[in-house]
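Asker: model this:
(one chain, ligands or ions: 1)
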Amino acid sequence: MTRTHPGTFGSSRDVPRDICEALAAYRSRLGMFAADVSWYSEIGSTNDVALLMAERGAPDGTVVGADLQTAGRGRQGRTWSSPAGSGLYVSMILRPPAVIAPLLTIAAGVSVAEGIREATGLSMDLKWPNDVYAGGRKVAGILAESGLSDARLKHVVLGIGINVNQANYPPEVATRATSIERELGRPVDRGLVLASCLSALTVRYRQLQKAPAAVLDAWRSYAASMLKRRVECTVGLQSVTGVAEDIDERGALVVRVGDEIVRVISGEVVWR
Ligand code: BTN
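Answerer: The predicted model follows:
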């Protein structure tokens, strides 16, 4: 269900006033994300809708957001709790050169950390591959999904979920999750957070194509407290425990296991 259109932003459709005003204020910094924004009061998953729109030819930079998701999805097949009035649930359609695709989630993590920090002043951390932390708890997550044709990359949908003022969480994440409002101790403007994250993503997405090493360095600076620490990495039925040394030029986590170096390209990482 889309809502009545209360304002305009580019060729935006049904965008709520607070989001519209913030995006308009940031317009000159939003690059390709300024052109096409759709908003739903209720949706299954913004990623699902964005994937469908991408299949149907929606352009690079299309943004799909919702106030509430009934089937929000997280990494590793988990659900993403998405109640109304609590968070930002947004997906962006990107059509990147295949060579930078493996680093997109790294760039997105950096952008969300930078965006929240710029909008709120909160100190942020990143945990590989792209969990965004504040005060030692997860405040945002990123789900990147690709569309392929004959094994060639056609598009990537970058889904971002940010706990803006969520007060209650599903029991399985309650001790590990937080919201921006909880960390700050005051309400926050979700539109400002979104505009600031999209502005950061505009910069980092461009940089990924010209100077990817700078994006990796930015990621390292946000992940400093989580690198050089013991981790357990689980990929399918296999698990390795070692010290998380770094990320490499493809965004893989480099783990020292005894005398051996293991590259982890996907899976679950628990810091020990
Ligand atoms: C994670 O597990 O950390 C990733 C969470 C990603 C959630 C966002 S909310 C917007 C977009 N739509 C979805 O269904 N998932 C992503």
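Asker: Which strand residues bridge whatever residue of the stretch 51-200 of the chain ends up closest to the ligand?
Answerer: Closest contact between the stretch 51-200 of the chain and the ligand, by C-beta to the nearest ligand atom, is at residue 141 (2.0 Å). Bear in mind the C-beta positions are built from the backbone N, C-alpha and C, glycine included. With DSSP bridges as the criterion, residue 141 is bridged to residue 161.
Asker: tell me the contacts of it?
Answerer: 74-75, 80, 130-132, 160-161 (C-beta atoms under 8 Å, 6 or more residues apart in numbering).
Asker: Could you do residue 87 as well?
Answerer: Applying C-beta under 8 Å, 6+ apart, the residues contacting residue 87 are 161-166, 179, 190.
Asker: Let's see that with 6 Å instead.
Answerer: For residue 87, the contacting residues are 162-164, 166, by C-beta atoms under 6 Å, 6 or more residues apart in numbering.
Asker: do the same with residue 149
Answerer: The contact partners of residue 149, by C-beta under 6 Å, 6+ apart, come to none.
Asker: give me phi/psi at it?
Answerer: Phi and psi for residue 149, reported as degrees, to the nearest 10, are phi -140, psi 120.
Asker: picking that back up, and the contacts of residue 87 as CSV, adding secondary structure and distance to residue 44?
Answerer: Output for these, formatted as CSV (DSSP: H, G, I helix; E, B strand; the rest coil; distance: C-beta to C-beta, whole Å):
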residue, secondary structure, distance to residue 44
162, strand, 19
163, strand, 20
164, coil, 20
166, coil, 19
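Asker: of the contacts of residue 141, list those near the ligand.
Answerer: 74-75, 80, 131, 160-161 (C-beta under 6 Å from any ligand atom).
Asker: quick one: which of those is most hemmed in?
Answerer: Neighbour counts for these (other C-beta atoms under 10 Å) peak at residue 160, which has 29 neighbours.
Asker: where does the stretch 1-150 of the chain have low pLDDT?
Answerer: Scanning the stretch 1-150 of the chain for pLDDT under 70 picks out 1-13.
Asker: Show me what from it comes close to the ligand.
Answerer: Checking the stretch 1-150 of the chain against the ligand by C-beta under 6 Å from any ligand atom, the hits are 45-47, 69, 72-75, 78, 80, 89-91, 131, 141-143.
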